[in-house]
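**Q** need the 3D shape of this:
(one chain, ligands or ions: 2)
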Amino acid sequence: MSTKKELSVSAIQEGTVIDHIPAEYLFKVIRILGLDNCSNLITFGTNLGSSKFGKKAIIKVADKFFKDDEINKIALVAKEARLNIIKDYEVVEKKLVHIESEIIGIARCFNPKCITNNQEVTTRLLLVEKEPLAYKCHYCEKITTEEHLEII
Ligand code: CTP
Ligand code: ZN
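**A** Ligands and ions are numbered 1, 2, ... in the order given. Next up is the predicted model:
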């Protein structure tokens, strides 16, 4: 079983493996984490079979250990993601991602008239509901629900 996984994306010596990303959100996760501007060695695989999620993606970032608040940003699109911290080829820690109570500058407010959609103001959304996700805008107080959540 694990042989199949190892063949898909090779093991890393040090760093972070982000597993169980829904395949359709791989590139959003890359953008949220700023990996498109990261000079570390990064490997990824997508449309890998997963018994739980249908198709999943995996990202391996060598020599990178994310801070919790940094990694929690991906909960917006990949709540089921699992992190594996790798040191000297061994998995030394497994972590889940957690939905934070406030998100700043990652997602858009749904209200087209909101100041954040019309001026250079960073969005600030407060969590009001976890399942499905719903956020209230700090500025206009309008609610943005999960299906309208747009990553900036
Ligand atoms: N991994 C890696 N490099 C290593 C060790 C592990 O890239 N040196 C990856 C594995 O390929 C796997 C993930 O880290 O995708 C977790 O490794 P492991 O816990 O050994 O795998 P599983 O037991 O399959 O974990 P889980 O059931 O939590 O997915
Ligand atoms: Zn707003």
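**Q** check the gap between the residue of the chain most remote from its centre and residue 123 for me.
**A** Here the centre of the chain is the reference, and by CA atoms, centre = their mean the most remote residue is residue 113, at 27.5 Å. Plainly put, residue 113 is 14 Å away from residue 123 if you go by CB to CB, to the nearest Å. C-beta here means a position set from N, CA and C on the backbone, and glycine is covered the same way.
**Q** what does residue 80 give?
**A** From residue 80 to residue 123 the distance is 24 Å (CB to CB).
**Q** out of those two, which sits in the busier spot?
**A** residue 123 (21 against 15; other CB atoms under 10 Å).
**Q** contacts only, for the residue lying closest to the more buried one once chain neighbours are set aside.
**A** Of all residues not flanking residue 123 in the chain, residue 116 sits nearest, at 4.5 Å (CB to CB, 6 or more residues apart in numbering). Neighbouring residues of residue 116 by CB atoms under 8 Å, 6 or more residues apart in numbering: 108, 109, 122, 123, 124, 137, 139, 140.
**Q** wait, which of the residues you listed is closest to residue 130?
**A** residue 137 (17.4 Å; CB to CB).
**Q** count the residues that sit near the residue of the chain found nearest ligand 1.
**A** At 3.4 Å from ligand 1, residue 11 is the closest residue in the chain, using CB to the nearest ligand atom. A count of neighbours around residue 11, defined by other CB under 10 Å, yields 13.
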